[in-house]
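Undergrad: generate a structure from the sequence data that follows.
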Amino acid sequence: MQSLWGETDLICDESFKPPVLHPILISLLAYLLGGPVHAANTALARNWRPQVDPPNVEFLIDGDSGDQFEGHKITFAWSQQGEKFCAPAGRHCTFNTAQATPKALPVARVKDEGTVENGPVIIVHNAKDVALYYEPFDHINIRHSITLTFYLNNITNNDLIMLNIPSNTGSQLEALTLPQLVTRFPTENYAFHFHRLLFTPSNVAQIVTALEALEAPPMTIGWETSAQREKNDAFAARYQAWADSNRAAIPRNLKTHLPWLLTRTYNDADAFQNQLTARLACEAHAPMGVSFFPQTPEEEMREGARMYIRDMPAQWIFDRLERYIGRILQRMPLQEGHLLSTKQMREIGEDIEKKCLELVAGGYVDETEVLYSMPALARMLGEELDGVKERDANNRHEVLVEYVDTLCFRARCAYLFWCADWLANYLQQPREGGMMIGRMSEQDRDEEERWWKRVAMALLKSHVAFGMVIEGLPQMPVVINDQASI
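TA: Residues are numbered from 1 along each chain as shown. Below is the predicted model:
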């Protein structure tokens, strides 16, 4: 292997066919690495032929060596037999890191210019994660190659000044081509000159022409390794079991009944209470989003509280609503002013988490174990209610809101209400454990209970108001713009 330090004129010769540093290759690497790239002082030439004695088949491997300085490489390879030059007389494969079997190297051919067997090949690969593997067909041909390693440019003008490194300046820069720029690094204002040369009309034309002429290989199916497939299959099986258990928990009457709408005429308070009970029972089983699928032991903590709320009997819901119905009816019709902002709901979720953790730390216990899983659920609900789409809508950006978004939002609001209601109910008779560290006074407990009842009341009003607004909208995607927000 021989370094081509300072001997890159042939590599940078744009008249060479095919050019080693075609603009499309440089633009591809810039895209993969995320910015201007350079390959200064990395050019290496290699001539290799298997040994005849002993007469066993040898292999040539490049990359995946564990070297931290490995990067994306462009390899220009060809074979020589006597005085004749041709495409490599062997087979190129790739090994991904920790992969047991090789994969054939995908080949992009140039239309109407023969096949790769008639000329040299250009190989682009990430040597940090992939090993390029070459198996010769015989012991006669010599494999020649020139390899350049590309790196993302992280050197600034200040770095050049501090290190007192001479760089290309002035008239030198005006005369440079793109291949010369990337191999004769460093250069002041490198990013500017890189983009200036990459997007010259001639280079853009070459890129477009190359894209039109290339015949890309078909996408391979089943690219995962066996370990990846097993991991993906296990994940899919766990998710399917989780989804099936949620569907199995839906009561039969909710599976067959039409949606329980809140916007209607009621004869008395009991009729409204019955309708709201049915609506909340539906939302206890409504989808809240894939993000609620637990994937770690920490996330499993919230499942106890979620299933506790999901499996509440209808009669229990009806009885728990008794304390709220009168005050809700007094404020009818509920309007936009009764809606809580997503930021407020996020803060409520965090406050519920904090209060539950304080109770646990103080020594209070719960036979149902909801007290221990409620903090994780409340925090998750707050974070999801104040998610990216909701914040964008509140910041008056244009956001596409689909009907399923409103269903998930209503369900999350309902769950957060039940979290606050459960906490208020627990504070009526908190159970002390065997080792009390922070016992609440009766006055403090009464104040806390009243406070969380008010919080639950505000959440329920907001939930009902939001539901009545949504029921008046068409069940189709709508755009939330600067005239409205959710």
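
Undergrad: could you say what helices and strands the host helix or strand of Tyr372 packs with?
TA: Using DSSP states H and E, Tyr372 maps to helix 370-385. With contacts defined as 3 or more CB pairs under 8 Å, 6 or more residues apart in numbering; DSSP states H and E, helix 370-385 has these neighbours: helix 303-310, helix 342-362, helix 403-428. Any C-beta I mention is one placed from the backbone N, CA and C, and that applies to glycine too.

Undergrad: please redo it, this time with the cut-off set to 10 Å
TA: The contact analysis (3 or more CB pairs under 10 Å, 6 or more residues apart in numbering; DSSP states H and E) places helix 370-385 against helix 297-300, helix 303-310, helix 342-362, strand 364-365, helix 403-428.

Undergrad: most packed of those?
TA: helix 403-428 (a mean of 22; mean count of other CB atoms under 10 Å).

Undergrad: and that one with helix 342-362, angle?
TA: Angle of helix 403-428 versus helix 342-362, following axes from the mean of the first three to the mean of the last three CA atoms, to 10 degrees, is 30 degrees.

Undergrad: what's the closest of the helices and strands packed on helix 370-385 to Lys84?
TA: For these, proximity to Lys84 was assessed by CB to CB; helix 297-300 is nearest, at 63.5 Å.

Undergrad: for that closest one, packing partners?
TA: Packing contacts for helix 297-300, counted by 3+ CB pairs under 10 Å, 6+ apart, involve helix 370-385.

Undergrad: residue ranges with poor pLDDT in the stretch 351-486 of the chain?
TA: Within the stretch 351-486 of the chain, the stretches with pLDDT under 70 are 389-401, 472-486.

Undergrad: in the helix holding Tyr372, what's buried?
TA: Neighbour-count burial for helix 370-385, counted by 16 or more other CB atoms under 10 Å, picks out 370-382, 384-385.

Undergrad: gap between it and the chain center?
TA: Its chain's average C-alpha position is 22 Å from that of helix 370-385, according to CA atoms, centre = their mean, to the nearest Å.

Undergrad: would you map out the domains in the chain?
TA: Domain segmentation of the chain under automatic domain parsing yields 2-215, 258-480.

Undergrad: ranking those domains by mean pLDDT, which is last?
TA: Mean pLDDT is lowest for domain 2-215 among the domains of the chain, at a mean of 77.

Undergrad: can you give me the strands for the stretch 151-300 of the chain?
TA: With DSSP state E, counting those that start in this stretch as the criterion, the stretch 151-300 of the chain has strands at 214-215.

Undergrad: hey, where'd the helices end up in it?
TA: In the stretch 151-300 of the chain, the helices defined using DSSP state H, counting those that start in this stretch lie at 157-163, 171-175, 178-183, 190-198, 201-213, 226-248, 252-256, 269-283, 297-300.

Undergrad: now render the ones you listed as JSON lines, adding distance to Glu448.
TA: Listed next are the helices of the stretch 151-300 of the chain as JSON lines, based on distance: least, CB to CB, whole Å:
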{"stretch": "helix 157-163", "distance to Glu448": "57"}
{"stretch": "helix 171-175", "distance to Glu448": "71"}
{"stretch": "helix 178-183", "distance to Glu448": "66"}
{"stretch": "helix 190-198", "distance to Glu448": "58"}
{"stretch": "helix 201-213", "distance to Glu448": "67"}
{"stretch": "helix 226-248", "distance to Glu448": "33"}
{"stretch": "helix 252-256", "distance to Glu448": "34"}
{"stretch": "helix 269-283", "distance to Glu448": "24"}
{"stretch": "helix 297-300", "distance to Glu448": "27"}
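
Undergrad: and of these, who's closest to Thr342?
TA: With CB to CB as the criterion, Thr342 lies closest to helix 269-283 of the helices of the stretch 151-300 of the chain, at 17.4 Å.

Undergrad: next, format the helices and strands packed on helix 370-385 as TSV and append distance to Tyr133.
TA: Below are the helices and strands packed on helix 370-385 laid out as TSV (distance: least, CB to CB, whole Å):
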stretch	distance to Tyr133
helix 297-300	40
helix 303-310	46
helix 342-362	52
strand 364-365	61
helix 403-428	48
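
Undergrad: looking at those, which is nearest to Asn267?
TA: Ranking the helices and strands packed on helix 370-385 by proximity to Asn267 (CB to CB) places helix 403-428 first, at 24.7 Å.

Undergrad: could you tell me the angle between the closest one and helix 303-310?
TA: Following the same axes, to 10 degrees, one obtains 100 degrees for the angle between helix 403-428 and helix 303-310.

Undergrad: what separates helix 403-428 from the chain centre, distance-wise?
TA: Distance, stretch centre to chain centre, for helix 403-428: 27 Å (CA atoms, centre = their mean).

Undergrad: test my guess that Asn153 contacts His195.
TA: No - contact criterion CB atoms under 10 Å: Asn153 and His195 do not qualify, at 11.3 Å.

Undergrad: ok so, going back, nearest to Val204, of the helices and strands packed on helix 370-385?
TA: Val204 lies closest to helix 403-428 among those, at 41.1 Å (CB to CB).

Undergrad: which strands or helices does the very next helix or strand once past that closest one pack on?
TA: As assigned by DSSP H and E, the chain's next helix or strand after helix 403-428 is strand 431-432. Contact analysis of strand 431-432 by 3+ CB pairs under 10 Å, 6+ apart lists strand 364-365 as its packing neighbours.
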